[in-house]
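*Asks:* okay, sequence plus prediction incoming.
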Amino acid sequence: MPEPSSAEVRGPDASSAIVRAASAAIVGCVVVAVLYVGSDVLIPLALALLLSFVLAPLVGRARKLGLPRTPSVIIVALFAFAILLGLSAMIAGQVGQLAADLPQYQSTMREKAQSIREATGGSRTLERAGDLLQSLGRELNAPSPQGRTLGDDGKPLADPLKSGQPLPVEIHQPAPTPLQNMQAILQPLVHPLAMAGIVMVFVIFILLQREDLRNRLMSLAGSNDLQRTTAALDDAAKRLSRLLLTQVAVNAAFGVAIAIGLSLIGVPSAPLWGILGAVLRFVPYIGAIIAAICPLILAAAVDPGWTMLIWTAVLFAVVEPLVGHVIEPVVYGRSTGLSPVAVVLAATFWTVLWGPIGLVLSTPLTVCLVVLGRHVEALRFLDTMFGDRPSLTPPELFYQRMLVGDPAEAAEKAEEFLKERSLSTYYEEVALPGLLLATRDATRGALDDRRLATVRAAADELVEDLDEWADEDPMADRIGQTTDMEIVAAVESSDADASAAPLPVAPPPMVRARCVGGRSALDHAAAGVMRQILAKHGVEASLEDEAFLSSASVVELEKGGPRTIVCLALLDPTEAHLRLAVRRARRRAPQATVLVAFWSAEADALASGAARAGADGLARSLSDVVAFCLGRPDRKPTVAAAGPELRRAEG
C-alpha cells in the first residue's frame, strides 16, 4: 500500500487554514458593508462613544461632589452640548462674514499674480491660454442667434415671424414666498440638528448605562476570567478617557494659540481658523498642514504685500512643532499607541466610508480599538495590526541584533532601557532570555557554528559596552521619559522583582566568585553577565575560560583568603549536562562552593539533578546569584542554600 504524500498529509491543515482565511475575509467584508450602509446611525454612535469617554471623568468629578448619577450625567451633557452649539454658531457667523468679504480680495490676488509673473520672467503662454478659455466660455454661454437682432458681421438678422422660425420662450419662476425662504434656510440645518440630537441621546444613555455596557462587552470578550477581563476593561476605559480628554485639551490650546496669533497678524476670521485647526489636529501628521492651507491663502489675498503670508507661515511652523514635540510628550508621557502606517490606513479607511467626518474620527476610533486590543485577549489582533509596539518581543529583538552582529544598536536600546530600570533587570528580562532563544536554536541545529560565534562575540561586546553602568534602580523623576516604543514595551513587560539592585554592595573581600559557562559558548556569554553583576555588588568575580571544566584541567586546592564560589551558568541545560558540569567543577575545585544558575523552566528536574551531582546552590535569576554570593540565600526563595538541603528536598 503506497504511503500518503506530504501534500495529502498536509491536506486537512491546509484546508482548515483556507476556510479560516475565507471566513475572516467574509466577516471583514460584512463589517465594512455594515459600516458603509449604516453610516447614518453609526456616525452619531461613534461620536457619542468618543464624547462619552471625554465626559466620563467630568461625570466622576460631579458624583464626588455629591450629585446622583442621573443629574450629573444630564448636567455634564448639557454643558458639553452648549459649548458645541456655541462653537457652531461662531463658525456659522465667521463663514458668513468671510463669504461677504471675499469679493474685496479679488483685485489683490490679480495684482499678486501679475507681480509673480513679472518677477519670474515667465512667458505669457498661460495667460493666453486662460484668455482663450474665457472667450470659449463666453461663446458657450452667449444667447443663441434666435434672440439676437444683429449677426457677427453687424448686419440685421431676419425677422423670425417673417421667416417662419419659432419664437424663443423663457420661463421665469415666481418670487419665493416668506415660507419658502424660511424653508430654504432651515432645510440645510435639519440634518446637523437631527444628528446632534441623536448624539446627545446616545451620550446620555452611554453615561447612564456604562457598567451595563461594560458587562455586556465583557460577556462577549472573555467571561471565562471575570476578574482579569473586568480589570482590563476598566483600565482601558480610564486610559481612553484620560487620553481623549487630554487630546481635546491640547488641541483646544493649539486652536486658541492659532486664533490669537492670526488675530494679531490681521488675518480675517481668525476664530474660524482656530476652531478648524483644533478639529483637524485630531488627524496626526497632516491635520495641522491642512488647517494651515486656508489661512495662508487668505493671508496672501488680503495683504498687498507678503508680510502677512510670511508671518502666518511662521506661526504654524512654530506652534505645531512646539505642541507636537514639547507639550504633547510632557502631557501624554507616551505616544497615542498608533504606528504611522496605521494612522494613514485608518484615515484612508474611515474617510472613504464616512467622508470628512470619518477623517476627523479616524485616529480616536483607532486608538480606542488598539487600547481595547491591548487589554482584551479576544481583541489582541487589533493591537498587533495597528499598535506602534514592535511585533517581536524584546528578547527576540535582542536575539535578532545578536544574529546580525549589531551590538551597537543593542547597546543603544539598552541605554534607553536603563533610564527606567536597573542593569540587572535588563539582563534578566531582555539579554539572558535572548541568549536562551539562541541556545535553543543551537540545540535543535538551526544555528550553525559561524552564527553561533557571531552571537557570542556580539553578546560579549554588549556586556563590555554596558560595564560603565551601575546596577541601581533609576530615580523616580527619570522613569517614563523614554519615547522609544520598543523600550516602552520592554519596560512595561518587565518584572520589577527581577532587579538585583536592592541587594547591598559587599565590602571586599567576602567571597571570590569564579564564573564559567557550563556547556556552550552562549553559556560563557551568560557567565560574563554574571561576573559583571557580581562585580557591581562588590564581589571579587572573574570570568574563567572555556577550558575550566575540561577533564584535562589541573585540580585546584583552595588556599587561605576569601571563600571561593564557582558560579556555573547554564541557560537551558538537560539534567545530564547539569550533573556533568557540577561534577567537573567539583573535580577542578574540590573545596569551592558550587552554585548553578540556569534560566530554563524545568526547575524541579534540574534541582534534583543538581542535588545528585552535589551542587551547593541553585539560582534561577541574577538576583539569586548575587544573594547567594553575599551570604543571603534566604533573600530569594528560589535559591537552595546547601547541597544537603537539596538532597533532603529530593527525598
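*Replies:* Looks like it came in fine. Since this is a predicted model, take the numbers as computed values, not measurements.

*Asks:* I'd guessed I43 sits against I357; true?
*Replies:* Yes: the pair I43 and I357 passes the contact test of CB atoms under 8 Å, sitting 6.1 Å apart. The C-beta positions use only the backbone N, C-alpha and C, and glycine is treated the same way.

*Asks:* who has more neighbours, these two?
*Replies:* I43 (20 against 15; other CB atoms under 10 Å).

*Asks:* what sits against that one?
*Replies:* M195, W354, I357, G358, L361 (CB atoms under 8 Å, 6 or more residues apart in numbering).

*Asks:* kindly report the same for L45.
*Replies:* F202.

*Asks:* how much space between A446 and P57?
*Replies:* 51 Å (CB to CB, to the nearest Å).

*Asks:* looking at those two, which is more packed in?
*Replies:* P57 (15 against 10).

*Asks:* what sits closest to the more buried one if chain neighbours are left out?
*Replies:* Distances taken as CB to CB, 6 or more residues apart in numbering put S241 closest to P57, at 5.3 Å, once the chain neighbours are dropped.

*Asks:* can you get me a residue count around that neighbour?
*Replies:* For S241, using other CB under 10 Å, the count is 19.

*Asks:* do the one 5 residues further on as well
*Replies:* A count of nearby residues for T246, using other CB under 10 Å, gives 16.

*Asks:* now do the buried residues in the helix or strand hosting it.
*Replies:* Following DSSP states H and E, one finds T246 within helix 226-265. Buried residues in helix 226-265, counted by 16 or more other CB atoms under 10 Å: 229, 232-233, 236-237, 239-241, 243-248, 250-251, 254-255, 257-259, 261-262, 265.

*Asks:* surely R514 touches A569?
*Replies:* No: with contact defined as CB under 8 Å, R514 does not reach A569; the gap is 11.4 Å.

*Asks:* give me the more crowded residue out of these two.
*Replies:* Taking other CB under 10 Å, R514 and A569 do not tie; A569 has more neighbours (31 against 22).

*Asks:* does that one belong to a helix, a strand or coil?
*Replies:* strand (DSSP: H, G, I helix; E, B strand; the rest coil).

*Asks:* residues in contact with it?
*Replies:* C515, V516, G517, G518, D523, H524, A526, A527, V529, M530, A597, F598.

*Asks:* would you map the helices across the stretch 1-150 of the chain?
*Replies:* 6-9, 11-37, 39-64, 69-101, 106-120, 125-141 (DSSP state H, counting those that start in this stretch).

*Asks:* you'd agree A299 is up against I265?
*Replies:* Yes: if you go by CB under 8 Å, A299 and I265 touch, sitting 7.3 Å apart.

*Asks:* and for the two, which residues touch both?
*Replies:* With CB under 8 Å, 6+ apart, A299 and I265 have common neighbours M308, W311, T312.

*Asks:* which strand or helix spans the closest residue to the first one other than its chain neighbours?
*Replies:* If I follow you right, that is M308. Counting by CB to CB, 6+ apart, M308 lies nearest to A299, which is 4.3 Å off, once chain neighbours are set aside. According to DSSP H and E, A299 maps onto helix 287-302.

*Asks:* quick one: whichever helix or strand comes after that helix to helix 287-302, angle?
*Replies:* Beyond helix 287-302 on the C-terminal side, the first helix or strand identified by DSSP H and E is helix 307-322. For helix 307-322 against helix 287-302, the angle by axes from the mean of the first three to the mean of the last three CA atoms, to 10 degrees is 170 degrees.

*Asks:* which elements pack onto helix 307-322?
*Replies:* Applying 3 or more CB pairs under 8 Å, 6 or more residues apart in numbering; DSSP states H and E, we find helix 307-322 packed against helix 226-265, helix 287-302.

*Asks:* distance to V27 and mean pLDDT added to the ones you listed, as a markdown table?
*Replies:* Below are those laid out as a markdown table (distance: least, CB to CB, whole Å; pLDDT from 0 to 100):
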| stretch | distance to V27 | mean pLDDT |
| --- | --- | --- |
| helix 226-265 | 22 | 80 |
| helix 287-302 | 31 | 85 |
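
*Asks:* adding distance to I74, write those helices out as a markdown table.
*Replies:* Converted to a markdown table, the helices and strands packed on helix 307-322 look like this (distance: least, CB to CB, whole Å):
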| stretch | distance to I74 |
| --- | --- |
| helix 226-265 | 19 |
| helix 287-302 | 32 |
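
*Asks:* closest to V34 out of the ones you listed?
*Replies:* helix 226-265 (23.0 Å; CB to CB).

*Asks:* run through who's touching the next helix or strand along the chain from that closest one.
*Replies:* Next helix or strand after helix 226-265 toward the C-terminus (DSSP H and E): helix 270-280. Residues external to helix 270-280 that are found in contact with it (CB under 8 Å, 6+ apart): 87, 90-91, 94-95, 98, 251-252, 254-260, 262-263, 267, 287-288, 290-292, 294-295, 360.

*Asks:* could I have helix 270-280 exported to CSV, CA atoms only?
*Replies:* What follows is helix 270-280, C-alpha atoms only, in CSV (Å, rounded to 0.1, in the frame of the first residue of the first chain):
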residue,chain,number,x,y,z
ALA,A,270,-9.2,84.2,13.0
PRO,A,271,-11.6,82.3,15.4
LEU,A,272,-12.8,80.2,12.4
TRP,A,273,-9.3,79.1,11.6
GLY,A,274,-8.5,78.4,15.2
ILE,A,275,-11.5,76.1,15.6
LEU,A,276,-10.7,74.4,12.3
GLY,A,277,-7.1,73.9,13.4
ALA,A,278,-8.3,72.4,16.7
VAL,A,279,-10.6,69.9,14.9
LEU,A,280,-8.2,68.9,12.2
